[in-house]
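Chemist: model the following, please.
(one chain, ligands or ions: 1)
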Amino acid sequence: MKAIEVKNLRKLYPKKIPLPFRKIEWFEALKGITFNVKKGELFGLLGPNGAGKTTTIKILTTLLEPTSGEARVLGFDIVKEAREIRKRINLVAEGERTLYWRLTAYENLRYFASIYYVPKKVAEERIRNLLHMVGLWDRKDDLVMNYSRGMKQRLAIAKALINDPEVLFLDEPTLGLDVQSAIFVRELIKKLVEEEKKTVLLTTHYMHEAEELCDRIAIIDHGRIIALDTPEGLKKLVRKDTIVEVRVKNYNGENPFGLAKIKEEGEKVVLRGPLDEEDIPKLVEFLVKNNAKVLSVEVKEPTLEDVFIKLTGRGLRD
Ligand SMILES: Nc1ncnc2c1ncn2[C@@H]1O[C@H](COP(=O)(O)OP(=O)(O)OP(=O)(O)O)[C@@H](O)[C@H]1O
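Modeler: Down below sits the predicted model:
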């Protein structure tokens, strides 16, 4: 049995049209996605803002019903057997907001343990282990309101493990964290899969995070899965390409070579993507003709972002 099975999942959201028109239009956030996650796998959904990652997680965690299609988590149907699923999974989404800031870390975990009917003795030991695992044992009696953002996120992960879930869903687990905290959280996620044998489905728009953590990655864009493979398998799609990164000033937004704008630093723009070697001088000539100032041209190692650029013509942060 697979941990997660998703077949042709679609989700339409109503779009409000302002009065006086009084009609509803529909926005198709998921356009029929299909994928499976094996038990013990660390599976990533990688895509830009608005791609449909959170919608997918909400459906799989039974918070939202799909418009059509099917999905099973641990063999249970997400619509008909939602209660069975809820006992066996947990979710970290916008982690820190789901904690009680006026309680201590310990009190938070005790409270959430009681919600899941974890027997008192089991809960005590589990809370101790979890607080050690997320590195907060020494701060367990501090109010959460005095925690840093990274500490709150670590506690949110501990909270999500309080019912000892078989499958853990993590929606953008390192979003907004400082570098040190993000490293800690990523190490923690690896440990959950390698040592605690959890199945993890995470979403991220950080390609390096997906690459570092995930056994397999589904790249999602505009509600569709456009590629699904191991990080190495995905990178094979661009292995034979020359990846060029160009820093340019006064860019007018045009290049006929399909490079994506991946960064903007004031007046300076970084363009990146696969390009034939003989097209490099042609690109520079085109940019200069269009009054841009080319600051540097470099050939780079291919990354997952290049796969995304190759498939969509856009960068992940567009
Ligand atoms: N409740 C809603 N009503 C209407 N449209 C919605 C609703 N929730 C999401 N959407 C739209 O559906 C699309 C997918 O949103 P979703 O939150 O799943 O994307 P995402 O990949 O998680 O992106 P982000 O990282 O920005 O959250 C977006 O265009 C979003 O505006």
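Chemist: need the residues of this structure near the ligand, please.
Modeler: Listed as neighbours of the ligand in the chain under the rule Cβ under 6 Å from any ligand atom: 13, 27, 29, 47, 49-55. All C-beta spots, glycine's among them, are computed from the backbone N, C-alpha and C.
Chemist: can you put those residues in CSV and add pLDDT?
Modeler: Shown next, in CSV, are these (pLDDT from 0 to 100):
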residue, pLDDT
13, 94
27, 93
29, 96
47, 90
49, 87
50, 90
51, 93
52, 95
53, 95
54, 94
55, 96
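Chemist: quick one: low-confidence ranges for the stretch 1-150 of the chain?
Modeler: 21, 95-96 (pLDDT under 70).
Chemist: quick one: buried residues of stretch 101-116?
Modeler: Across stretch 101-116, burial judged by 16 or more other Cβ atoms under 10 Å covers 104-106, 108-110, 112-113.
Chemist: list the contacts of it.
Modeler: Outside stretch 101-116, the residues that touch it by Cβ atoms under 8 Å, 6 or more residues apart in numbering are 87, 99-100, 123, 126-127, 130-131, 136, 139-145, 147, 155, 158-159, 162-163.
Chemist: select only the buried ones of those residues in ChimeraX?
Modeler: Of these, the buried ones go into a single ChimeraX selection, burial set by 16+ other Cβ under 10 Å:
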select :99,123,126,127,130,131,136,139,140,144,147,155,158,159,162,163
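Chemist: state the mean pLDDT of the longest helix anywhere in the chain.
Modeler: What stands out as the longest helix in the chain, according to DSSP state H, is helix 179-194. Helix 179-194 shows a mean pLDDT of 94.
Chemist: against which helices or strands is it packed?
Modeler: For helix 179-194, the packing partners by 3 or more Cβ pairs under 8 Å, 6 or more residues apart in numbering; DSSP states H and E come out as strand 42-46, helix 149-160, strand 199-204, helix 207-213.
Chemist: the second one vs helix 179-194, what angle?
Modeler: Taking axes from the mean of the first three to the mean of the last three Cα atoms, to 10 degrees, one finds that helix 149-160 is oriented at 20 degrees with respect to helix 179-194.
Chemist: angle of the very next helix or strand once past helix 149-160 against strand 199-204?
Modeler: Sequence-wise, the next helix or strand downstream of helix 149-160 (DSSP states H and E) is strand 167-171. Orientation note: strand 167-171 sits at an angle of 10 degrees relative to strand 199-204 (the same axes, to 10 degrees).
Chemist: just the angle for strand 167-171 relative to strand 42-46, thanks.
Modeler: Using the same axes, to 10 degrees: strand 167-171 against strand 42-46 is 30 degrees.
Chemist: show me what counts as buried in strand 167-171.
Modeler: For strand 167-171, the neighbour count (16+ other Cβ under 10 Å) marks 167-171 as buried.
Chemist: that one pairs with which strands?
Modeler: Note on strand 167-171: by DSSP bridges, its sheet partners are strand 89-93 (parallel), strand 199-204 (parallel).
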